[in-house]
Each structure stands twice: as C-alpha cells, then as structure tokens.
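Novice: this one's sequence-less:
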C-alpha cells in the first residue's frame, strides 16, 4: 500500500507543478517537480515536465537530458519523442530530431504532429520528395481545418520537384480551407 501512496503523492506534486507552471511561477513549479522525482525517480511524466521547465529557463541541454530520461522510461510513448525531437531541432541537431520524429511515427501519430515536423525537417535538408510524403501522411490523418499549412508546404515541395500542377492544386485546396489563407504569400515562383 505504501508504494501506491508514494506514487499518488508524487503525482500530486507533479500536478501542482503543472498548475504553478501554468501560472508562470517557475520556482515553486521546479521545487514540486523535483519533489515528485525524489519520491518516484521512475516517473517519466515528471521528467517531461521538468524538461519543459528547463526549456522555459533557457536551459536547453538540461531540457534534452530530462526528455531523454522520459523517453528511456517510457519508450512507447510518442509524445516524449516528439517533444525531444522539437528540442533537438532547436539545438540544430537535425539528425537526432529526425530519429525522434521517425520513432514517434513508428509508435503512433495520434495526438502529435510528427509527420508535419518531419516534413519541415526534410524540406530544410532539401529532401523534397520525402517532405511531400510526410505532408501527405499528415494530411490523410488530420481534420481539414488543421491542414492549410500542410497543403502549402507540400505545394512548395512539389514546386521544387517541378510538379507545378500538383503545387497549384495544393494551393487551391489550402485557400479553400480558410478565408484568410496564405495563398497569396506562397505563389508559384517564376
């Protein structure tokens, strides 16, 4: 019974840390999340939250370290890998970001934007066919109101691949999704 109680207490500290972080009270949030980890050092969600707190304090290396611990403790939880991938992108460690996004997609893509992020990363690296494939995957898995940017990014990939008819089709689809579309910004380049 004591183990269950300890885990509940750790969760309570973690939940209170979330509340403090929502209020941008970083010091009490850090104290609570550290207390949660002192009680339960295998609490992956607490490492994830502490990584977020480190990021808020511009401590990227510590943030990556804690997110890595969360990934290690819960290797089948896509959100940890997605979050670490974003951190690696910020740190300009694109090869590691790519690995994490791919891992995230292996686990599942529900609730994450890993396909979209991987598409952006592929574009940055000049791999436009791969980027277009990731944007297509994202488009097929999401609701229309979330897709304008994906269509526009895929249109850019199609342009780079010389597929102007497909690029124009995606621009038209993007404009149809919202009255305030970005269609004018992403005109085909001459």
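Specialist: Received the coordinates, thanks. The shown structure was predicted, so the numbers you read here are calculated from the model rather than taken from an experiment.
Novice: helix or strand for the most centrally placed residue in the chain, which one?
Specialist: The centroid of the chain falls nearest to residue 82 when counting by CA atoms, centre = their mean (4.2 Å). According to DSSP states H and E, residue 82 maps onto helix 78-90.
Novice: now that helix: how far from the chain's centre is it?
Specialist: Centroid separation for helix 78-90 versus its chain: 5 Å, with CA atoms, centre = their mean, to the nearest Å.
Novice: So the residue nearest to the centre of the chain sits against residue 103, correct?
Specialist: No - using CB atoms under 8 Å, residue 82 makes no contact with residue 103, being 9.0 Å away. From N, CA and C alone the C-beta is placed, and that goes for glycine too.
Novice: Can you name the residues in contact with the helix ranked longest in the chain?
Specialist: For the chain, the longest helix by residue count, based on DSSP state H, is helix 2-22. If you take CB atoms under 8 Å, 6 or more residues apart in numbering as the criterion, helix 2-22 is touched by 26, 28-30, 32-33, 35-37, 39-40, 43, 45-46, 49, 52-53, 56.
Novice: same deal with stretch 79-86?
Specialist: 44, 48, 51-52, 64, 67-68, 70-71, 74, 96-101, 103-104, 107, 111-114, 117.
Novice: Now that stretch: average pLDDT?
Specialist: Regarding stretch 79-86, the rounded mean pLDDT is 94.
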